[in-house]
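*Asks:* Sequence and predicted structure below; questions after.
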Amino acid sequence: MRNEKPVLLVEDDSIDAMTVRRAFKDLKLSNTLTHCINGEEAVNYLRGSEVEIPCVILLDLNMPRMNGIEFLKVIKQDDRLKRIPVIVLTTSNEECDVVESFRLCVAGYIVKPVDYKKFVEAIRTIDLYWTLSELPERESEVKNAEEEVALTN
Amino acid sequence: MLKKKSLLLIEDDSIDAMTIKRAIEHAGEIAQIIHCVNGEEGLAYLRDAGSEMPFLIMLDLNMPRMNGLEFLEAVKNDHQLCRIPVVVLTTSTKSCDIDNTFSHSVAGYMVKPIDYDKLVEIIKTVNDYWAINVLPVR
């Protein structure tokens, strides 16, 4: 990805999570992969005081306690968290899931390929795109920049 | 691969528009490029019941009448239109532009390079990414 910030993976299936981790390793991606096992855990993680806000969120949809759509609704209402691009990474090909995800303004919706090589290719494509794309800075970075400009003026 | 789909390009500068269209055609995958010269025209196109809905919107920021951010706000507040992913393609590298557009859920922010070959590369990367996405059926 464009910066060195962590990537947050929200995924309840431990095998799928391991596959993402393996793909990151095989592609030698420098971003740390932080893993939460459902939406609720991810929200609590993101709202933690000392946490480093991820550059991108990879989001499964079908999870217990708080699923992907519910998580999206919470994130998109949160001024601090809504700027983080969310890419759905799911087994679901259901039109209703696709429509609802894009209605909630996801920045991508990718159906996990079963074949590992194709899966790695998909992660590579995601990485290339989100390395090329600019990403929002953290609030504190924006505030510091604004203060600097104010002092200079 | 994305075939027989249309992309909406919102760009006021005619030279930039021509260059971007050339780069998109060079990348080879997109069937139809719809070009609007500012946000207002873009919105009017999207709200016309007869218009073909694009699978993606590529959006300049600095435009007269209705700029990119104003257009983005309008589209994201529209129940139907909000589901079309928007990718910014601009010369602006200002953090406030990046932050504001991501606050309105853009699905990418690409800075236009001066070099044409680099622009083609960007378009190819954008195309490769959206080609692996599942998008809402219109």
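*Replies:* Great, that's in hand.
*Asks:* hey, let's count contacts and neighbours off CA atoms from now on
*Replies:* Will do.
*Asks:* Low-confidence stretches in the chain?
*Replies:* I went with chain A, as the question did not name one. Where chain A drops to pLDDT under 70, the residues are A:138-153.
*Asks:* wrong chain, I was asking about chain B
*Replies:* Where chain B drops to pLDDT under 70, the residues are B:1-4, B:29-31, B:138.
*Asks:* Just say helix, strand or coil for the residue nearest the centre of it.
*Replies:* With distances taken as C-alpha atoms, centre = their mean, the residue of chain B nearest its centroid is B:Met58 (0.8 Å). Under DSSP: H, G, I helix; E, B strand; the rest coil, B:Met58 falls in the strand class.
*Asks:* Secondary structure element holding residue 18?
*Replies:* All of this refers to chain A. helix A:14-26 (DSSP states H and E).
*Asks:* you looked at the wrong chain, it should be chain B
*Replies:* B:Met18 is part of helix B:14-27, with elements assigned from DSSP H and E.
*Asks:* Are there helices or strands packed against that helix, and which ones?
*Replies:* helix B:116-131 (3 or more C-alpha pairs under 8 Å, 6 or more residues apart in numbering or on different chains; DSSP states H and E).
*Asks:* tell me what the helix it packs on is packed against?
*Replies:* Looks like helix B:116-131 contacts helix A:116-132, helix B:14-27 (3+ C-alpha pairs under 8 Å, 6+ apart).
*Asks:* Could you pull up the residues touching residue 128?
*Replies:* In the absence of a named chain, chain A is used. A:Leu128 makes contact with A:Met1, B:Thr125, according to C-alpha atoms under 8 Å, 6 or more residues apart in numbering or on different chains.
*Asks:* ah, no, chain B please
*Replies:* Contacts of B:Asp128 by C-alpha under 8 Å, 6+ apart are A:Thr125.
*Asks:* How much space separates the nearest residue to A:Arg103 once chain neighbours are set aside from A:Tyr109?
*Replies:* Distances taken as C-alpha to C-alpha, 6 or more residues apart in numbering or on different chains place B:Arg83 nearest to A:Arg103, at 4.5 Å, with adjacent residues excluded. As judged by C-alpha to C-alpha, to the nearest Å, B:Arg83 and A:Tyr109 stand 12 Å apart.
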